[in-house]
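J.: Test case, fold it:
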Amino acid sequence: MPHPNKSIHIASQPELYDAIVVGSGISGGIAIKELTERGLKTLLLERGPHLPHGSGYITEHKRPWEFTFRGSIPPDEAEADYEVQSRHGSFNATTQHFFIKDSESPYVEEKPYSWIRADIVGGRSVLWGRQSYRLSPMDFEANARDGEGVDWPIRYEDIEPWYEHVERFIGISGSAENLPQLPDSIFQRPMEMNAVEKVFKERMEQAFPDRTSIIGRTAILTEVLNGRPPCHYCGPCQRGCSTASYYSTLGVALPVAMASGNLTLKPNSIVHSVIYDEETGRASGVRVIDRETGNDIEYKAKVVFMCASALGTAQIMLNSKSTRFPNGIANSSGTLGRYLMDHHAYIIISGMMPGFEDRYYYGNRPNGIYVPRFRNLDGGSKHGFLRGYGFQGAAVRPSWQRGQQMRGFGSELKSTLRDPGPWSMFLRGFGETLPRHDNHCSLDPDVTDAWGIPALRMHVEYTENAFAMQDDIVVTASEMLEAAGAQNIRVTRRSIQSPGIANHEMGSARMGRDPKTSVLNANNQTHDVPNLFVTDGSCMTSSACQNPSLTYMALTARAAHFAADELEKGEL
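T.: Numbering: from 1, shown residues only. Now for the predicted structure:
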């Protein structure tokens, strides 16, 4: 896609903000909440449009027959604008309006990579799976212990109070288990396992005393919190939650920041680059392309927070070139865009659970069960691989909608569908990936997006360690299901197994102790540019195997308070 042929006129805005936050997703939402509550005049920039909370969820409670193709999108239509986004399981006609158009924002897959992106205020916090787990002391020490990657510049004790701070705000339901590899959070009451999940837990734990099955820990309320009602199990969470029973920037953090009187929201603002001031050695602001007019605008601030996702932030920073930083701002180490990680989560092991025909469940519980990591808890690679994995899963019983895949018609088929189908149980492995220098993104020299911004070129692949872990995932899941009484156990591998599809991209601007081998210090502050902070998945030094969003939020809150303190002292 060629660069648009137009003369560039940059309009510099006279107002100086205390802080600019780039991106409004999981990290950006916490950043604006914390910064505005500290009294900082904050500008939030989001590339997508603003959909009002509630009324913007236009498909939230539509039934399948209200869509032309029952919620499906014809392949030719998906390929035209959403070739990559349509690879993800949450993409369909009910959510299409939340996703970015690949036709407008292409990237180059030097190695297959599925970059899944939202394109609205709130970002992927409207679409996320809401599973919320802390990393453990073991996870922050893993790199130092086994020599993979650089050492984290922080430990669990540094972030523990910030986990608590965030958890009290967003609300997490779950059960306290006192597991060293999975620290407990500040919990609301847990959701209840269904009858078959309870039997799986009992039988599996009896057969394998080193393993446990717990209810998932999820950022969905089971009790009232700050006026937000508990979840009523309506089910289609990925379409938006008008009651704000699940946490999102759009439903929770943005209203709080707006109420402070300190937030300015600029949607449809595509950030081109961070502006570096050679004289002060600081970031002076950001350059933005107005999506609606095509005009170039510069916004000024004392502090800049990058929260555009691990890949979005890398793209902007790599494109932020200056005399001092010809290869991207704050990139003296040459590690910007490198050490990319994404969990591997492509294997589902399932089996039929005979019996329980007299049992069912009420509503659409937006949660499942979780089997925390049990491999290599003492470090090392006893099972042929480093680090470990956990399982997410559930016991399910199909309703009448299974008729879409069944043969038959008329009254006989309808009669068959009056009763629910047989019970089954599935487990999906989520495995840790190791930081590798070769796994990276860079700016493509030829391809640009619809606004002339250089596209990313992706070179990320899984290693033999991940493949060995996947083999073990099949073995352990199968034996757990067999111990629980499952029959006809089968292994299903997703047709698309490239990195990115787990939607947990991390590591492109990692934290570290040494400016020569990392981009960020212990406070998520770039080593090279003291008033530039990165608090999204870019900052991760290792991936652990837990869903990472809660850690992004805790690190963001911690960094926001550090930045506010430094501004008060005149250090930035």
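J.: Which residue, neighbours along the chain excluded, lies closest to Asp471?
T.: Closest residue to Asp471 apart from its sequence neighbours, by CB to CB, 6 or more residues apart in numbering: Gly384 at 7.8 Å. From N, CA and C alone the C-beta is placed, and that goes for glycine too.
J.: With Gly512 instead?
T.: Distances taken as CB to CB, 6+ apart put Ser518 closest to Gly512, at 2.5 Å, once the chain neighbours are dropped.
J.: What is the burial count for the one you found?
T.: 25 (other CB atoms under 10 Å).
J.: cool, and the one 3 residues further on?
T.: For Asn521, the count of nearby residues is 18 (other CB under 10 Å).
J.: ok, it touching Val529?
T.: No - using CB atoms under 8 Å, Asn521 makes no contact with Val529, being 11.3 Å away.
J.: Against Gly379, how distant is Ala522?
T.: 23 Å (CB to CB, to the nearest Å).
J.: Looking at the two now, which is surrounded by more residues?
T.: Remark: of Ala522 and Gly379, Ala522 carries more neighbours, 16 against 13, as counted by other CB under 10 Å.
J.: What ranges does the stretch 1-150 of the chain have for its helices?
T.: 26-37, 75-81, 137-146 (DSSP state H, counting those that start in this stretch).
J.: out of the ones you listed, which comes closest to Ser248?
T.: For the helices of the stretch 1-150 of the chain, proximity to Ser248 was assessed by CB to CB; helix 26-37 is nearest, at 7.5 Å.
J.: Can you list the neighbours in contact with that closest one?
T.: Residues outside helix 26-37 that contact it (CB atoms under 8 Å, 6 or more residues apart in numbering): 18-19, 21-22, 24, 42, 44, 46, 122-125, 128, 166, 169, 248-249, 252-254, 256-257, 260, 262-263, 305, 307-308, 535-537, 549, 552-553, 556-557, 560-561, 563-564.
J.: Can you flag which of these belong to strands?
T.: For the contacts of helix 26-37, the ones inside strands are 18-19, 21-22, 42, 44, 263, 305, with DSSP state E as the criterion.
J.: nearest spatial neighbour of Gly387, skipping sequence neighbours?
T.: Heads up, residue 387 is Arg, not Gly. Arg387 sits nearest to Glu432 (CB to CB, 6+ apart), 4.1 Å away.
J.: Tell me, how many residues neighbour the one you found?
T.: When neighbours are counted by other CB under 10 Å, Glu432 registers 26.
J.: Please apply the same query to the one 5 residues further on.
T.: Residue neighbour count, defined by other CB under 10 Å, stands at 11 for His437.
J.: In terms of helices and strands, where is it?
T.: Assigned by DSSP states H and E, His437 falls within no helix or strand.
J.: My read is that it contacts Arg338, right?
T.: Yes - contact criterion CB under 8 Å: His437 and Arg338 qualify, at 5.6 Å.
J.: Looks like the residue nearest to Asp471 contacts Asp472 (just checking).
T.: Yes - shown here, Gly384 and Asp472 form a contact pair, counting by CB under 8 Å, at 7.1 Å.
J.: Please identify which of the two sits among more neighbours.
T.: Counted by other CB under 10 Å, Gly384 and Asp472 do not tie: Asp472 has more neighbours, with 17 against 12.
J.: Distance check, that one against Phe391.
T.: From Asp472 across to Phe391, the span is 12 Å (CB to CB).
J.: Same check on Glu110?
T.: 32 Å.
J.: okay, these two: which has more neighbours?
T.: More crowded of Glu110 and Phe391, by other CB under 10 Å: Phe391, with 27 against 16.
J.: Using the three-state scheme, assign that one.
T.: Secondary structure, DSSP: H, G, I helix; E, B strand; the rest coil: Phe391 is strand.
J.: Pass me the low-pLDDT residue ranges in the stretch 451-572 of the chain, would you?
T.: Across the stretch 451-572 of the chain, the ranges flagged by pLDDT under 70 are 495.
J.: make it 80
T.: Residues of the stretch 451-572 of the chain meeting the criterion pLDDT under 80: 494-497.
J.: Just the helices from it, written as ranges.
T.: 464-483, 549-569.
J.: Would you mind putting the CA coordinates of the first one into PDB?
T.: Taking C-alpha atoms only, helix 464-483 is exported to PDB below (Å, rounded to 0.1, in the frame of the first residue of the first chain):
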ATOM      1  CA  GLU A 464      11.300 -27.200  20.400                       C
ATOM      2  CA  ASN A 465      10.600 -26.500  24.100                       C
ATOM      3  CA  ALA A 466       7.000 -25.600  23.200                       C
ATOM      4  CA  PHE A 467       6.600 -28.700  21.100                       C
ATOM      5  CA  ALA A 468       7.900 -30.900  23.800                       C
ATOM      6  CA  MET A 469       5.500 -29.200  26.300                       C
ATOM      7  CA  GLN A 470       2.600 -29.800  23.900                       C
ATOM      8  CA  ASP A 471       3.400 -33.500  23.800                       C
ATOM      9  CA  ASP A 472       3.200 -33.600  27.600                       C
ATOM     10  CA  ILE A 473       0.000 -31.600  27.600                       C
ATOM     11  CA  VAL A 474      -1.700 -34.400  25.600                       C
ATOM     12  CA  VAL A 475      -0.400 -37.000  28.000                       C
ATOM     13  CA  THR A 476      -1.400 -35.400  31.200                       C
ATOM     14  CA  ALA A 477      -4.800 -34.100  30.000                       C
ATOM     15  CA  SER A 478      -5.700 -37.500  28.700                       C
ATOM     16  CA  GLU A 479      -4.700 -39.300  31.900                       C
ATOM     17  CA  MET A 480      -6.700 -36.800  34.000                       C
ATOM     18  CA  LEU A 481      -9.800 -37.200  31.900                       C
ATOM     19  CA  GLU A 482      -9.400 -41.000  32.000                       C
ATOM     20  CA  ALA A 483      -9.100 -40.900  35.800                       C
END
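J.: Alright, that wraps it up for me.
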